[in-house]
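**Student:** Just a sequence and a predicted model for now, questions to come.
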Amino acid sequence: MLDIKFLRENPDIVKQNIKNKFQNDKLPLVDEVIELDRQNRAAISEADNLRADRNRLSKQIGALMAQGKREEADAVKQQVTAGSARLAELEKQEKELEERIRSIMLVIPNIIDKTVPIGKDDSCNVELERFGEPKVPDFEVPYHAQIMERLDGLDLDSARRVAGNGFYYLTGDIARLHSAVLSYARDFMIDRGFTYCIPPYMIRSDVVTGVMSFAEMDAMMYKIEGEDLYLIGTSEHSMIGRFIDTILPESQLPLALTSYSPCFRKEKGAHGLEERGVYRIHQFEKQEMIVICRPEESMEWYNKLWKYTVELFRSLDIPVRTLECCSGDLADLKVKSVDVEAWSPRQRKYFEVGSCSNLGDAQARRLKIRVQGDGKYLAHTLNNTVVAPPRMLIAFLENNLQADGSVLIPKPLQPYMGGKTVLVPKK
């Protein structure tokens, strides 16, 4: 959410930013909120004057009563009564205007970084760099669900009967591999100075609106019926919400946190073959990075965070590339974002396995996360996926698959797999 003062003083910048994000239907909102803000400031000014008059007249009434001038005092009291009625009207008007202003400000997108490429959708995202040599083996790579099933590690049919499409049972070595990847990712981040956290898996509506846009909320979040609670779509929501309405001492920054959680998402829409199986699902687990820092440090942290994800995937011999998200592909709160994509030997292309985002002070403004330094200011927040199995397992299995159907386990994961070096198919 933007600062209303910034919008008031820079309407053309805000409008151009909306155009850059191809959301022209929001352009009239800028002028509307400016007019509402003018009305609100006028109401506040009039109300302040009435309060000052009330204080002045109250003293005058006291003086007149002390002098025995009751009739004059009664006349002044009538002025106070009339002023009080008008003040009540203005206070109600202020509240209504503030609510309307906030509702509009919540849908006006954040100002994107000047380095973000301009484009309408993800087809305009820009490849930045590749890490590792993508390979295509001289044998056919089966669909990822088939690889898992041959290792006796996946049961989709039972999951459909129990919960419907978009759910799964992982069993045996695949379930163990799933946990091993998460444990390795946890320790990987702890070794880099991050504090490990396990957050609540549900959050209240005020946190939801503080961490994401309405469009994202509608597309992602599951609401708990009859309660003011939502299942989290990522632990970032709950982790940033931890600091709602707080003042952090500047000496404590930066806060570098890594969190584990299950994640729940609606995943609306139809999807192709390669997005079935365990690629696009309603429930998964994830290790996340979250940073809260001073504004001048946020871009430095942004570059650190996505590099950690690249480093982790390369430590498991998985080729990856980074993709700069264009303006039209950025969620409304984001200043800048980069996707990390892993190589799929089966599809012979890269697919998304993580996303790193700098949100500037947007979440902090909504949630009132302030820093006490030389005065008070809003913190900057960032988040990034460390690893999100079971999607990550697709890249892992395809890139470590052998011609006989076995899957090699890289050295970093072997301690988490009881020393196993290879998974052998059972079917």
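**Tutor:** Sure thing, it's come through. Computed from a predicted model, the values in this text were never measured in an experiment.
**Student:** For Gln372, which three-state class applies?
**Tutor:** In the three-state summary, Gln372 is assigned as strand, counting by DSSP: H, G, I helix; E, B strand; the rest coil.
**Student:** That one touches Thr246, doesn't it?
**Tutor:** No. Taking Cβ atoms under 8 Å as the definition, Gln372 is not a contact partner of Thr246, at 10.1 Å. To be clear about C-beta, it is placed using only N, CA and C from the backbone, and glycine gets the same treatment.
**Student:** Report all helices and strands that the helix or strand bottoming out on mean pLDDT in the chain contacts.
**Tutor:** Sorted by mean pLDDT, DSSP states H and E, the helices and strands of the chain end with helix 214-220, the least confident at a mean of 78. Here helix 214-220 is seen to pack against no other helix or strand when contacts are counted using 3 or more Cβ pairs under 8 Å, 6 or more residues apart in numbering; DSSP states H and E.
**Student:** Quick check: next helix or strand after it?
**Tutor:** Once helix 214-220 ends, the next helix or strand along the chain (criterion: DSSP states H and E) is strand 222-223.
**Student:** Mind giving me the packing neighbours of that next one?
**Tutor:** Using 3+ Cβ pairs under 8 Å, 6+ apart as the contact definition, the elements that strand 222-223 packs against are strand 230-231.
**Student:** what residue ranges in the stretch 251-400 of the chain score low on pLDDT?
**Tutor:** 268-276 (pLDDT under 70).
**Student:** Can you show me the helices along it?
**Tutor:** Defined through DSSP state H, counting those that start in this stretch, the helices belonging to the stretch 251-400 of the chain, from first to last, are 298-315, 362-367, 391-400.
**Student:** Save those as CSV, and put in mean neighbour count and distance to Tyr222 too.
**Tutor:** Conversion of the helices of the stretch 251-400 of the chain to CSV gives the following (neighbours: other Cβ atoms under 10 Å; distance: least, Cβ to Cβ, whole Å):
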stretch, mean neighbour count, distance to Tyr222
helix 298-315, 19, 26
helix 362-367, 24, 21
helix 391-400, 24, 19
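**Student:** I'd like to know which of the ones you listed lies nearest to Gly172.
**Tutor:** Checking those against Gly172 by Cβ to Cβ gives helix 391-400 as the closest, at 13.2 Å.
**Student:** which helix is the longest one in the protein?
**Tutor:** Scanning the chain for the helix with the most residues, using DSSP state H, yields helix 27-66.
**Student:** After that one, which helix or strand is next? Please name it.
**Tutor:** The first helix or strand that comes after helix 27-66 along the chain, using DSSP H and E, is helix 70-105.
**Student:** wait, isn't Val291 in contact with Trp301?
**Tutor:** Yes. Between Val291 and Trp301 there is a contact under Cβ under 8 Å: 4.8 Å.
**Student:** so what sits against both of the two?
**Tutor:** With contacts defined as Cβ atoms under 8 Å, 6 or more residues apart in numbering, the residues adjacent to both Val291 and Trp301 are 254, 382.
**Student:** burial count for Tyr350?
**Tutor:** Using other Cβ atoms under 10 Å, Tyr350 has 21 other residues around it.
**Student:** what's the answer for Ile104, then?
**Tutor:** Around Ile104 sit 18 other residues, with neighbours defined as other Cβ under 10 Å.
**Student:** Now it: closest residue in space that isn't a chain neighbour?
**Tutor:** Counting by Cβ to Cβ, 6 or more residues apart in numbering, Ile104 lies nearest to Val33, which is 4.6 Å off, once chain neighbours are set aside.
**Student:** Export the least confident helix or strand of the chain to PDB, keeping only CA atoms.
**Tutor:** Backbone C-alpha positions of helix 214-220 (Å, rounded to 0.1, in the frame of the first residue of the first chain) are rendered in PDB as follows:
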ATOM      1  CA  PHE A 214      -7.300  -9.100  -2.800                       C
ATOM      2  CA  ALA A 215      -6.800 -10.800  -6.100                       C
ATOM      3  CA  GLU A 216      -4.100 -13.100  -4.600                       C
ATOM      4  CA  MET A 217      -6.400 -13.900  -1.600                       C
ATOM      5  CA  ASP A 218      -9.300 -14.900  -3.800                       C
ATOM      6  CA  ALA A 219      -7.200 -17.100  -6.000                       C
ATOM      7  CA  MET A 220      -5.200 -18.800  -3.100                       C
END
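**Student:** Check which residues of that helix are buried.
**Tutor:** Within helix 214-220, the residues that qualify as buried are 217, 220, counting by 16 or more other Cβ atoms under 10 Å.
**Student:** Over to stretch 280-297?
**Tutor:** Neighbour-count burial for stretch 280-297, with 16+ other Cβ under 10 Å as criterion, is recorded at 280-293.
**Student:** Now, those that are in strands?
**Tutor:** Using DSSP state E, the members of the buried residues of stretch 280-297 that fall in strands are 283-293.
**Student:** Greatest separation within those: which pair is it?
**Tutor:** Greatest spatial distance among those (Cβ to Cβ): Gln283 and Cys293, at 31.2 Å.
**Student:** Can you check the distance spanned by stretch 198-209, start to finish?
**Tutor:** Looking at stretch 198-209, the gap from its leading to its trailing residue is 21 Å under the measure Cα to Cα, to the nearest Å.
**Student:** Could you check how far the residue nearest to Ile104 is from Gly277?
**Tutor:** Counting by Cβ to Cβ, to the nearest Å, the separation of Val33 from Gly277 is 45 Å.
**Student:** who's more crowded, these two?
**Tutor:** Each of Val33 and Gly277 had its neighbours counted (other Cβ under 10 Å), and the higher figure belongs to Val33 (24 against 21).
**Student:** for the more buried one, what are its contacts?
**Tutor:** Neighbouring residues of Val33 by Cβ under 8 Å, 6+ apart: 4, 7, 101, 104-105, 108.
**Student:** one more time with 10 Å
**Tutor:** Applying Cβ atoms under 10 Å, 6 or more residues apart in numbering, one finds that Val33 lies in contact with 2, 4, 7-8, 11, 14, 40, 100-105, 108.
**Student:** between the residues you listed, which is closest to Leu378?
**Tutor:** When the contacts of Val33 are compared for distance to Leu378 (Cβ to Cβ), Leu2 wins out at 11.6 Å.
**Student:** pretty sure Asp157 contacts Gly164?
**Tutor:** No. The pair Asp157 and Gly164 fails to qualify as a contact (Cβ atoms under 10 Å) at a distance of 11.9 Å.
**Student:** Specify the beta-bridge partners of Asn383.
**Tutor:** With beta bridges defined as DSSP bridges, Asn383 has these partners: Ile290, Ser357.
**Student:** That one: neighbour count?
**Tutor:** Neighbouring residues of Asn383 were enumerated by other Cβ under 10 Å; the total is 26.
**Student:** Next, the contact list for it, please.
**Tutor:** 211, 234-237, 239-240, 257, 259, 288-291, 305, 334, 337, 355-359, 363.
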